[in-house]
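Engineer: Here is my input, please return the structure:
(chains A and B)
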Amino acid sequence: MLDDFFTRAIVAGIGVALVAGPLGCFIVWRRLAYFGDTLSHAALLGVALAFLFEVNITLAVFGVSACVSLALLLLQKRATLSADALLGLLAHSALALGLVVLAFMTWVRMDLMGFLFGDILAVSRLDIAVIWLGGAVVLGVLAAVWRPLFAATVNRELAEAEGMNPERANIIFMLLMAAVIAISMKIVGVLLITAMLIIPAAAARRFATGPEQMALLAAGLGAASVAGGLFGSLEWDTPAGPSIVVAASGLFVLSVLPAFSRGPAKRNEQEHHATEIQKEAGP
Amino acid sequence: MLKRPDALATMDNAGICRAGRWLVRGVTLSIDAGEIVTLIGPNGSGKSTTAKMTLGILKPDEGAIRRRPDLKISYVPQKLQVDWTLPLTVRRFMRLTGHASVSEADDAMAATGVSHLAAAEVRTLSGGEFQRVMLARAIARKPDLLVLDEPVQGVDFTGEIALYDLIKQIRDDLNCGILLISHDLHVVMAATDRVICLNGHVCCSGTPTVVASSPEYKALFGARAAPTLAVYEHRHDHSHLPDGRVRHGDGSITDHCHPQDGHHRQDSTPGETRSRQDGERSPDA
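Structural biologist: Now for the predicted structure:
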């Protein structure tokens, strides 16, 4: 079954989507979109170091992303810069360092585009094994820290007061993020990983009534985007990674269309708003 | 301070210093099971900071805090904003930090009168509804120590009395210790066993004086409300000057106030209402 490159691509892509969906929910809830970008920028440094020391690329990317996450935690405690400035500093320092290290290694001929946009049609059986095994570990750990992590997302002090140890949950979450970046880099590329995390989660928000439900929906919508994007790319001969992201964006647009929006409360709000505008416009 | 080995939490001369400034200092208090302790004081007097030390969110920079091992704490924070990206119903919120069973959650929601909101999204609730939901969540955990940071904030007066009655009921049912921060400097609940008045340090502490006999009080809040309300009796023997120094009753001026000092004379506080003055007079009346 896995002989066909297209089947391998779908299996690998869906594996990534199933992990990225639930983790992406936390990215959306905690407003960490830029954090995802920072880790994926840092991934390029991981690639460069992997070539330099001739180690496994996935492990190197995980290592560098994990270091960047922990550096962020430390800097947030010590430094007087705001979180977004720190993220920008880390993201671009790591990216620039990665490019400089690559330039030094004149003997390495690397397909930079492959890393930026992914190469899902070239995944091997080993890649699939790494994605599904790594993904299973990530989801298992996420399930184990779900309650404290979610409680800390709602209110950190409340979680801490009631013995949820939010600090530990946060560190574990950052390591999981690093792992997801490492295993999904090959599928959608470093430029589009954040899209796989955020867009399915954002699309799931409209239909979800609970956090767990939103995580499952995000995983499902992500998987649908992978299938849709890959078939689209086959049909119209478009690049696979970006096609997946376009499919996900399409699902998001569908989810915000009024016909799909759920619950009368929202409509009432809009009507209320409209009446107020009319009142204001009136004499 | 007496050493009480069976106390839920004890603080001994604890203080928090941030950027060279003491937010609160020299706090010595203890909370026993079945006891309601109310913290009062003006804005910035260190009430929330003291509560966060009790909860273990802040570690004291001086002094010590001791919590009974395996102490189960419930916390109702002053503010809790749920982001709109978070789909969170009241029923799910009840299980935020623990494994409350459906029946435990239902009992707690019934006790605070929010059963009908179980399926509602948390961010659509009004301020008063959300306060009662947070209280329900806190008691569903069956805590040993319940810390409430301004639980009647944003609740109208009738609701305030009902909420105070509810808090007393919770104490009676669970026999838990309750640390209550009151936003109102003057009015504290009658069921309070001890009031601690903070202003960067413990000004004074003791049992509240019931003012049910005060006619002004009855006129202000209604006869039925009077037994629910109490005013702590203050003795002003020093005042804080704008430059941070302290003028004492005998006219002397020092850099800090002392733990044995009584309450401040807050002549310039705009929030000063008749009720407190009434309360102060009532014992002599």
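
Engineer: mind checking which helix or strand the closest residue to residue A:50 other than its chain neighbours is in?
Structural biologist: Nearest residue to residue A:50, sequence neighbours excluded (CB to CB, 6 or more residues apart in numbering or on different chains): residue A:60, at 3.6 Å. For glycine as for every other residue, the C-beta is placed from the backbone atoms N, C-alpha and C. Using DSSP states H and E, residue A:60 sits within helix A:57-78.

Engineer: just residue B:25 next, same as before
Structural biologist: Assigned by DSSP H and E, residue B:25 falls in strand B:21-31.

Engineer: buried set for that strand?
Structural biologist: Neighbour-count burial for strand B:21-31 flags B:22, B:23, B:24, B:25, B:26, B:27, B:28, B:29, B:30, B:31 (criterion: 16 or more other CB atoms under 10 Å in any protein chain shown).

Engineer: could you point out which element follows the helix holding residue A:60?
Structural biologist: Note on helix A:57-78: by DSSP H and E, the next helix or strand toward the C-terminus is helix A:83-104.

Engineer: how about that following helix, does it reach chain B?
Structural biologist: No: on the criterion CB under 8 Å from any CB of the partner chain, helix A:83-104 is out of touch with chain B, staying 15.9 Å away.

Engineer: could you pull out the helices for the chain?
Structural biologist: You didn't pick a chain, so chain A it is. In chain A, the segments counted as helices under DSSP state H are A:5-29, A:33-53, A:57-78, A:83-104, A:112-117, A:125-144, A:146-154, A:156-161, A:166-188, A:193-205, A:211-236, A:240-256, A:264-281.

Engineer: if you could check chain B rather than the one you did, that'd help
Structural biologist: B:47-55, B:90-94, B:102-111, B:127-140, B:157-174, B:215-221, B:274-281.

Engineer: For residue A:206, give its distance to chain B.
Structural biologist: 9 Å (CB to the nearest CB, to the nearest Å).

Engineer: Name the nearest residue to that residue, sequence neighbours excluded.
Structural biologist: residue A:255 is the one closest to residue A:206 (CB to CB, 6+ apart), at 4.6 Å.

Engineer: lowest-pLDDT helix or strand in chain A?
Structural biologist: helix A:264-281 (a mean of 42; mean pLDDT, DSSP states H and E).

Engineer: can you pull the pLDDT of the spatially closest residue to residue A:214 that is not a sequence neighbour?
Structural biologist: Closest residue in space to residue A:214, ignoring its immediate chain neighbours: residue A:208 at 3.4 Å, by CB to CB, 6+ apart. Here, the pLDDT recorded for residue A:208 equals 89.

Engineer: Would you mind naming what in the stretch 101-250 of chain B lies close to chain A?
Structural biologist: Within the stretch 101-250 of chain B, the positions adjacent to chain A are B:121, B:124, B:141, B:147 by CB under 8 Å from any CB.

Engineer: Quickly list what the first one is bridged to.
Structural biologist: Beta-bridge partners for residue B:121, by DSSP bridges, are residue B:89.

Engineer: so where is chain B shaky, pLDDT-wise?
Structural biologist: B:1-5, B:154, B:157, B:183-190, B:203-251, B:255-285 (pLDDT under 70).

Engineer: who's in contact with the residue nearest to residue A:214?
Structural biologist: Residues near residue A:208 by CB atoms under 8 Å, 6 or more residues apart in numbering or on different chains: A:214, A:217, B:87.

Engineer: can you tell me which of those residues lies nearest to residue A:186?
Structural biologist: residue A:217 (25.4 Å; CB to CB).

Engineer: buried residues in stretch A:247-263?
Structural biologist: Buried, per 16+ other CB under 10 Å, within stretch A:247-263: A:247, A:248, A:249, A:250, A:251, A:252, A:255.

Engineer: With adjacent residues omitted, what lies nearest to the fifth one?
Structural biologist: So the one you mean is residue A:251. Nearest residue to residue A:251, sequence neighbours excluded (CB to CB, 6+ apart): residue A:203, at 4.9 Å.

Engineer: What about the one you found, how many residues nearby?
Structural biologist: 27 (other CB atoms under 10 Å in any protein chain shown).

Engineer: thought it was touching residue A:257?
Structural biologist: No: if you go by CB atoms under 8 Å, residue A:203 and residue A:257 don't touch, sitting 11.2 Å apart.

Engineer: contacting residues around the residue most central in space within chain A?
Structural biologist: In chain A, the C-alpha closest to the average C-alpha coordinate belongs to residue A:197, at a distance of 2.7 Å (CA atoms, centre = their mean). Residue A:197 makes contacts with A:20, A:23, A:24, A:27, A:36, A:180, as judged by CB under 8 Å, 6+ apart.

Engineer: cool, and residue B:85?
Structural biologist: Here residue B:85 is in contact with A:28, A:29, A:205 (criterion: CB under 8 Å, 6+ apart).

Engineer: Burial check on residue A:139, number of neighbours?
Structural biologist: By the criterion of other CB under 10 Å, residue A:139 has 18 neighbours.

Engineer: so where's chain A uncertain?
Structural biologist: In chain A, residues with pLDDT under 70: A:1-3, A:79, A:259-283.

Engineer: what does it have sitting close to chain B?
Structural biologist: A:28-29, A:31, A:147-148, A:150-151, A:153-155, A:157-164, A:205, A:208-211, A:213-214, A:265.

Engineer: Most tightly packed of the helices of chain B?
Structural biologist: helix B:47-55 (a mean of 24; mean count of other CB atoms under 10 Å in any protein chain shown).
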